[in-house]
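Asker: Just a sequence and a predicted model for now, questions to come.
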Amino acid sequence: MINSRLIKRDIKNIAEVISSVLNVDVTIVDENLIRIAGTGKYSDKVGEKVSLYSVFKIALDTGESFIIENPRNDKICQMCKGKKDCKEFAEVCCPIKLDDKIYGVIGLIAFSKEQRDNIVRNKKELMDFLTKMADLISSKIKAENKSYELKIEAKRLETLLNNMDKAVVSTDMYGNIDKYNDKFKKIFDLKGSIEKENIFDIFSFIKIEDIKGIKKRYKSTSFVYKKEGYTFRGIYNINPIIIDREVKGYVFDFIDNYSAIKEFNEITGTDYNIKFNNIIGNSKLMEKVKKEAQIASKSSSTVLITGESGTGKELFARAIHNNSYRCEGPFIAINCAAIPDNLLESELFGYEEGAFTGAKKGGKLGKFELANKGTIFLDEIGDMSLHLQGKLLRVLQEREVEKIGGKTNISVDVRIIAATNRNLEKMVEKGEFREDLYYRLNVIPINIPPLRERKEDIYLLVENIIANYSKKLNKAVYGIDDRAMEKILSYSWPGNVRQLQNAIEYSINMANSNIIKYEDLPQKLKDDTKKIVISKEEEIIPLKDLERREIIKALEKFKEYKKDKEKAAYALGISRATLYRKIKEYKIH
Ligand SMILES: Nc1ncnc2c1ncn2[C@@H]1O[C@H](COP(=O)(O)OP(=O)(O)OP(=O)(O)O)[C@@H](O)[C@H]1O
C-alpha cells in the first residue's frame with residue numbers, strides 16, 4: 001500500500017519529471033485505482049478513483065506494459081465506459097512492480113496528434129524510460145516498507161520491554177546505554193534521558209573489569225543500590241550479546257527482592273496461597289487450633305508451632321502469613337535441620353563480598369533480608385546449633401541482621417514463625433536449647449495435635465486427598481470402601497497427614513476400579529492389623545519403640561538402593577530431615 005505522505009510526494013515529483021521530459025500528461029494510480037499523482041488536466045483529480053473499466057485496471061490485472069496507439073479503435077478500449085467521450089490520441093501504461101506485487105500504474109496520455117506521434121516514434125526509448133521510472137518508484141516503496149517494518153519492530157520491542165516484570169537495559173561493549181525499559185528508570189529512580197550514559201557510572205556494584213569479555217550469562221547476583229537516601233536491593237543478571245563469537249554488548253536485567261521471591265515461589269510452585277479454609281479438619285481439637293492461629297495472624301508477635309512431623313505446621317504458618325497484614329510480603333521457609341550449620345548461617349544472615357574464601361562476588365542476601373516486610377518460617381528450630389541460636393536471639397531482640405563479614409547491621413522488619421516437633425522445654429532443661437531464645441520464640445504457642453488424636457478429621461482428609469490425587473494422577477477414583485476406611489481409621493499414623501497422603505496416593509495408583517479397596521492399601525497398613533492384635537494380646541508397645549522399629553525396617557529394606565534414605569523417609573511418611581534426626585535420636589547405626 002502506498003500510504004505515507006512522504007512517498008506520495010516523491011511520486012508526485014516523479015510524475016512531474018516524466019511530464020516535463022515527454023511533454024505529455026501523466027497519471028499515476030495506486031493498486032486500488034486511486035489517482036495518487038497527476039499533471040496537467042489530471043492535477044485536480046488526485047485522490048479520485050479512476051474507472052474500473054479503464055486501461056489502468058487492465059495494466060494492474062495483467063502486470064503488462066502497453067501502448068494504445070489508436071484509442072477508441074484498439075480492442076482494449078472496447079469495454080471502456082468512457083469510450084464515447086474519449087479525447088485521447090494515445091495512451092501508455094506501465095505497472096509499478098515490486099517483488100511480484102503490483103503497487104500501481106504510471107499512465108501517459110497524449111491529447112494532441114503531435115504528442116501521439118512523438119510517443120509512437122520513440123516507443124522503445126519511452127518504454128525503457130517509463131520502466132526505469134516505475135523501478136524508481138518501486139525502490140522508494142521498498143525503502144518505505146522497510147522503514148515501516150523497522151518502525152513496527154521497534155514499537156514491538158519497546159512494548160515487549162515495557163511489559164516485562166524486570167528492569168532491562170542494553171549497552172555496547174563499553175557499557176554505554178542504548179536501550180532500556182520504563183521500569184529500569186523507575187526502579188533506580190533515574191530522571192531524564194539516560195541514553196549514551198555509561199552503566200558503570202550509574203552502578204558502583206558492577207565493574208567493567210568484572211564482566212569484560214564474559215561469554216556466558218552472569219547469573220543471579222545480589223546488589224544494593226543507594227542513591228540520595230534511596231536504597232534498593234535486588235538481583236541482577238548480565239547477558240552478553242555475542243555475534244560471531246565476539247562480545248558486542250550486554251543486556252542487564254534487574255529484579256527487586258520482593259519480585260524475585262514471588263517469581264521463585266511461582267516457578268517452584270511453593271507459593272500455594274494457603275488460607276485457613278484450606279486446612280482440612282473439623283474436629284473440636286482442630287477447630288480450636290485454627291481459631292488460635294487465626295488470632296495469631298492478626299498480631300505481629302512471634303509464633304511457635306509444635307506438633308509431630310506431618311501434622312501441618314508449615315501449612316499453618318502459611319495460613320497465618322496469608323491471613324496477616326504481611327500477606328503481600330514474602331513468605332520464606334527454611335528448614336534448620338536440612339542444612340549444615342555453617343551453610344545455615346550464611347543462608348539465614350547472608351554474607352558480604354570477600355567474607356571468606358569461596359564467597360560469591362557481590363555477597364549473598366540472607367533469608368532474613370529476603371523476608372523483609374514478610375514472614376520467615378524457621379522449621380525444625382530445635383535442630384539449630386547453640387551458636388546460631390545466639391545469632392537468632394539478637395535478630396529477635398534488635399530486629400537487625402549482622403551479615404557474615406559485614407561491618408554494619410541491617411535492620412529488618414520480619415515476622416518469625418518457628419516450628420518444631422521436638423520438646424523444646426526438655427531441650428532447655430538439658431541445655432540443648434537456649435532458654436532466653438525459647439521464651440522469645442514461644443510468645444504465641446500453637447500445638448497441632450497428631451492425627452491419631454483427632455480421627456474424626458480422617459474422613460474429610462481422605463475425601464480431599466482422593467479428589468486431589470486422582471486428578472493429579474489422572475485416574476477415575478472417587479471413593480474408598482468400608483473395609484479400607486476402617487483400616488485407615490484404626491491405624492496410628494505416626495507420619496500424620498503426610499503419611500496419610502502417601503498412603504492414599506499409593507492406593508489410587510494400585511486401584512483398578514473407581515474406589516479404593518482394602519487390597520489397594522499399602523502393605524504396611526495391612527500388616528499393621530497383626531501387630532495391633534498381637535500387642536493387644538501381649539503388652540502395649542511404647543510408640544517410640546514402634547517408631548524405632550519401623551525406621552530400622554525401612555532402612556533395612558532400602559539399604560541396597562540409590563537414595564536409600566529418601567526412599568525410607570518416603571515409605572515412613574516423614575521428611576528426609578526428620579528421618580536423619582530420628583536416626584540420631586534413636587541412635588540407629
Ligand atoms: N489439616 C490439613 N489439611 C490439609 N492438608 C494437610 C493438613 N495437615 C497437613 N497437610 C498436608 O500434609 C503435608 C505435610 O504438612 P506440613 O509440611 O505442613 O507438615 P509439617 O508439620 O510442617 O511437617 P514436618 O515437621 O515434617 O516439616 C503437606 O502436604 C500438607 O499440605
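Answerer: Received the coordinates, thanks.
Asker: Can you give the distance of stretch 500-517 from its chain's centre?
Answerer: Mean C-alpha position of stretch 500-517 versus that of the full chain (C-alpha atoms, centre = their mean, to the nearest Å) differs by 34 Å.
Asker: how about it as CSV, C-alpha atoms only?
Answerer: What follows is stretch 500-517, C-alpha atoms only, in CSV (Å, rounded to 0.1, in the frame of the first residue of the first chain):
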residue,chain,number,x,y,z
LEU,A,500,-1.9,-40.4,55.0
GLN,A,501,-1.4,-38.5,51.7
ASN,A,502,1.3,-41.0,50.7
ALA,A,503,-0.9,-44.0,51.6
ILE,A,504,-3.8,-42.7,49.6
GLU,A,505,-1.6,-41.8,46.6
TYR,A,506,-0.2,-45.3,46.7
SER,A,507,-3.7,-46.8,46.9
ILE,A,508,-5.0,-44.7,44.0
ASN,A,509,-2.1,-45.9,41.9
MET,A,510,-3.0,-49.5,42.8
ALA,A,511,-6.7,-49.2,42.4
ASN,A,512,-8.2,-50.9,39.4
SER,A,513,-11.8,-49.7,40.0
ASN,A,514,-13.4,-46.4,40.9
ILE,A,515,-13.0,-47.0,44.6
ILE,A,516,-10.0,-47.8,46.8
LYS,A,517,-10.4,-51.3,48.2
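Asker: residues of it that come out buried?
Answerer: 500-508, 511, 516 (16 or more other C-beta atoms under 10 Å). C-betas here are computed from N, CA, C, even on glycine.
Asker: What lies in contact with it?
Answerer: With C-beta atoms under 8 Å, 6 or more residues apart in numbering as the test, stretch 500-517 has contacts from 451, 458, 461-462, 465-466, 469-470, 473, 475-481, 483-484, 488, 493, 495, 519-522, 525, 570, 573.
Asker: for stretch 213-232, same thing?
Answerer: With C-beta under 8 Å, 6+ apart, stretch 213-232 has contacts from 187-189, 203, 205-206, 211, 233-240, 242, 247, 254, 256, 360-365.
Asker: of the contacts of stretch 500-517, buried ones?
Answerer: Applying 16+ other C-beta under 10 Å to the contacts of stretch 500-517 flags 451, 458, 461-462, 465-466, 469-470, 477, 480, 484, 488, 493, 495, 520-522, 525, 570, 573 as buried.
Asker: how about the helix or strand encompassing residue 142: buried residues?
Answerer: Element membership of residue 142 [criterion: DSSP states H and E] is helix 123-162. For helix 123-162, the neighbour count (16+ other C-beta under 10 Å) marks 126, 130-131, 133-134, 137-138, 140-141, 144-145, 161 as buried.
Asker: Next, give me the two most distant ones among these.
Answerer: Based on C-beta to C-beta, the longest span within these runs between 126 and 161 and measures 52.2 Å.
Asker: Could you list the low-confidence segments of the protein?
Answerer: The model of the chain has pLDDT under 70 over residues 1-6, 220, 258-272, 353-363, 529-539.
Asker: Taking it, what residue is nearest to the ligand?
Answerer: Across the chain, the shortest distance to the ligand (C-beta to the nearest ligand atom) belongs to residue 312, at 2.7 Å.
Asker: now stretch 552-571: how far from the chain's centre is it?
Answerer: In terms of C-alpha atoms, centre = their mean, the centre of stretch 552-571 is set 36 Å apart from its chain centre.
Asker: For the stretch 251-400 of the chain, what lies in contact range of the ligand?
Answerer: 279-281, 307, 309-315, 379 (C-beta under 6 Å from any ligand atom).
Asker: These in helices, which ones?
Answerer: Using DSSP state H, 313-315 are the members of these that sit in helices.
Asker: What residues of the longest strand seen in the chain count as buried?
Answerer: Taking DSSP state E as the criterion, the chain has its longest strand at strand 230-243. Using 16+ other C-beta under 10 Å as the test for burial, strand 230-243 gives 233-240.
Asker: List just the nearest of those to residue 49.
Answerer: residue 239 (52.7 Å).
Asker: Contact partners for that closest one?
Answerer: 217-218, 250-253.
Asker: What subset of those residues is buried?
Answerer: Using 16+ other C-beta under 10 Å as the burial test, these include 218, 250-253 as buried.
Asker: Using a markdown table, lay out these together with secondary structure.
Answerer: Below are those laid out as a markdown table (DSSP: H, G, I helix; E, B strand; the rest coil):
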| residue | secondary structure |
| --- | --- |
| 218 | strand |
| 250 | strand |
| 251 | strand |
| 252 | strand |
| 253 | strand |
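Asker: Tell me how many other residues crowd the spatially closest residue to residue 338 that is not a sequence neighbour.
Answerer: Nearest residue to residue 338, sequence neighbours excluded (C-beta to C-beta, 6 or more residues apart in numbering): residue 577, at 4.2 Å. By the criterion of other C-beta atoms under 10 Å, residue 577 has 18 neighbours.
Asker: so residue 577 touches residue 344, yeah?
Answerer: No. Using C-beta atoms under 8 Å, residue 577 makes no contact with residue 344, being 11.9 Å away.
Asker: one step back: so what does the helix holding residue 142 touch, helix or strand wise?
Answerer: helix 5-22, strand 66-68, strand 90-98, strand 101-110, strand 177-180 (3 or more C-beta pairs under 8 Å, 6 or more residues apart in numbering; DSSP states H and E).
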